[in-house]
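In: Sequence and predicted structure, then a few things I'm wondering about:
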Amino acid sequence: MYGGISIIELLAMLLGDDTPADELVAKTYAESGAGGTWRAALHDGFVDRTQLPRAAVQAGGGGGAALTATAAGGSGAQNGNLEVTFLPSSQTYDGRFANNPWLQETPDFLTKVTWDNVALISPDTADALGVSSQDVVRIKVGDRALDIVALVMPGQARGSIGVILGGGRTRAGRVGNKQREWVGGGFDAYKLRTSAGLDFVTGATVSRTGTRYKIATTQEHHDIRRGFSISATIGDKEIQKKLPDLVRETDRAGFADVAYKAEKTHPYYHDHEHGRGYSLYKEQTYDGRRWAMAIDLGNCMGCNACVVACQAENNVPVVGKREVTRNREMSWLRIDRYFRGDLNDPEVVGQPVACQHCENAPCETVCPVGATLHSSEGLNDMVYNRCVGTRYCLNNCPYRVRRFNFVDYHQEFNDARNNVRKLLFNPDVTVRERGVMEKCTYCVQRIQAAKIKAKNPAPHGAGERGPIADGTITTACQAACPTEAIVFGDLSDPESRVSKLHGDRRQYELLGELNDKPRTRFLARVRNPNPELAPAGKPAGHH
């Protein structure tokens, strides 16, 4: 960042060569004998016809542990010849970030687990082993053994147990140390990991210990089925029907179809003026700015950066494992995860969901004290000092995006000795008290800061006074998104990015049939998989 040099430049300097890095790479390419031009390779990002030849893979290996299909559920492996793979945690990596409560409470994108690490087992393998989610299993490899909680995970390879690293710490700190079941901390997967098998080991045996361990997940909080149990099929048909409406997708051929190219004829297009009902309440009208958001599902990769950014920006408290198991997580933004197709080899889809800032907001009509109301710029505002915690707004919200402070999570900071620790919080955002509903505000503090800056006189004849240009305001989630999947802006400006995305033929409203008219629109994902990797046939929807 400050005049440094790259590794290859340093090595070249040690050899007496001060050639810039880009020229060094181009020189190496020229000397490699690869076909084509350097500019073409730079544009494509790879050098064509330099791949290694395909290798013939034979069953067995890895110490003679042959992976063979068995009649017991077709798990793809015999118990005793199972494979164990060691996976870094998406929250704490290898355990080095275990003492960070923000990361501990951020749900893993696939498993949705918080505060613990688990052993991932495919549905077929779990059936063959007689294991279900939250069973504590003993994994033995040679003379080493590990007791760890199991999670039946769709998409996990048959005959392979995925053990997530980073848990079971003893000297990580007050948050990261392994503690009681209701506090979390996980299991020490390094008991199985050796220098001879850093990535995976074979010849493993898995057995149930007869005990159970509570896993704190966020995806199945309101699921009538039991966790990930593949034997529980109650509600599956309705979920399969609803999933294509929640997370909309098409393939490249379908999207390029001539019949879909005309606006307002594409199946994902929704228009306020055509085919939309009117509310029993007075419709909202706007004379000025109209803030809105667009989320492109084709760009979102579920990295959780937006979730942590929202938590940091808005002083959202961490509540701990016990409260998460009670469905009381406080995060204002979540990433829903859905599986589609065969549970042993599914497609995975994700969808960031926060307050939709509906124009016909169902939460506003039921609040007895007018704590949630509509602003003149289209925001669904919360007046915290009016809220009395009836939770009517939460019960009437079909998106389940409001949070209720059951506990005064900031009580300790009322002590004068903790005044310095208050500096941890964003001073532009109110710290909510116990008994108050809270939710996404489109980072209203950033909106207000930009409006104040635009109104203030420009000092010395130079400044930013005047209209707010598109892109001046970025929400915390938008700023943190590495793929620019989230766009925020003013709908009253027809040239703004968000206006153009709201007019895109891929855009749709979440639960649009409710006529809530949300200000957040999603853009349908267009899949374009490698034909050699695409599954045969169209898979059925599944949660």
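Out: Looks like it arrived, so ask away.
In: what comes up buried for stretch 286-302?
Out: Burial within stretch 286-302, assessed by neighbour count using 16 or more other C-beta atoms under 10 Å, is assigned to 289-297, 300, 302. Quick note: C-beta positions are derived from backbone N, CA and C, even for glycine.
In: roughly how far out does it sit from the chain middle?
Out: For stretch 286-302, the distance between its averaged C-alpha position and the chain's averaged C-alpha position is 17 Å (C-alpha atoms, centre = their mean, to the nearest Å).
In: Quick check: closest non-adjacent residue to Arg386.
Out: Take Arg386 and drop its neighbours on the chain: the residue closest to it by C-beta to C-beta, 6 or more residues apart in numbering is Ala371, 4.0 Å away.
In: can I get the CA coordinates of stretch 351-366 in CSV?
Out: Output for stretch 351-366, consisting of C-alpha atoms alone and laid out as CSV, is shown next (Å, rounded to 0.1, in the frame of the first residue of the first chain):
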residue,chain,number,x,y,z
GLN,A,351,-30.6,-15.2,-0.7
PRO,A,352,-29.8,-12.2,1.6
VAL,A,353,-32.9,-11.1,3.4
ALA,A,354,-33.3,-7.9,5.5
CYS,A,355,-36.2,-5.5,6.0
GLN,A,356,-37.8,-5.0,2.6
HIS,A,357,-39.0,-1.5,3.5
CYS,A,358,-42.5,-2.2,2.0
GLU,A,359,-44.6,0.6,0.8
ASN,A,360,-47.7,-1.3,2.0
ALA,A,361,-45.8,-2.4,5.2
PRO,A,362,-47.9,-4.9,7.2
CYS,A,363,-45.9,-4.0,10.3
GLU,A,364,-47.1,-0.4,10.3
THR,A,365,-50.8,-1.1,10.4
VAL,A,366,-50.6,-3.2,13.6
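In: that older thread, can you tell me how far the residue nearest to Arg386 is from Gln448?
Out: As defined by C-beta to C-beta, to the nearest Å, Ala371 lies at a distance of 19 Å from Gln448.
In: So the residue nearest to Arg386 sits against Val388, correct?
Out: Yes: using C-beta atoms under 8 Å, Ala371 and Val388 qualify as a contacting pair, with a distance of 7.5 Å.
In: out of those two, which sits in the more crowded spot?
Out: Shown here are Ala371 and Val388; by other C-beta atoms under 10 Å, Ala371 has more neighbours (22 against 12).
In: which regions of the stretch 1-150 of the chain sit below the pLDDT cut-off?
Out: Residue ranges of the stretch 1-150 of the chain with pLDDT under 70: 1, 57-77.
In: all helices for it, in order.
Out: Taking DSSP state H, counting those that start in this stretch as the criterion, the stretch 1-150 of the chain carries its helices at 7-14, 21-32, 38-44, 101-104, 123-129.
In: Would you tell me which of the ones you listed gets closest to Leu379?
Out: Relative to Leu379, the nearest member of the helices of the stretch 1-150 of the chain by C-beta to C-beta is helix 101-104, separated by 25.8 Å.
In: Run through who's touching the closest one.
Out: When contacts are taken as C-beta atoms under 8 Å, 6 or more residues apart in numbering, the neighbours of helix 101-104 outside the stretch itself are 91-92, 97-98, 114-115, 175-176, 184, 308, 311-312, 318.
In: Count the residues that sit near the closest residue to Gly155 other than its chain neighbours.
Out: In this structure, Gly155 finds its nearest non-sequential neighbour in Pro346, 5.4 Å apart by C-beta to C-beta, 6+ apart. Other residues within reach of Pro346 by the criterion other C-beta under 10 Å amount to 17.
In: State the distance from the closest residue to Asn304 other than its chain neighbours to Gly210.
Out: The shortest distance from Asn304 to any residue other than its chain neighbours is 5.3 Å, reached at Thr106 (C-beta to C-beta, 6+ apart). As judged by C-beta to C-beta, Thr106 and Gly210 stand 32 Å apart.
In: Nice, that's everything, thank you.
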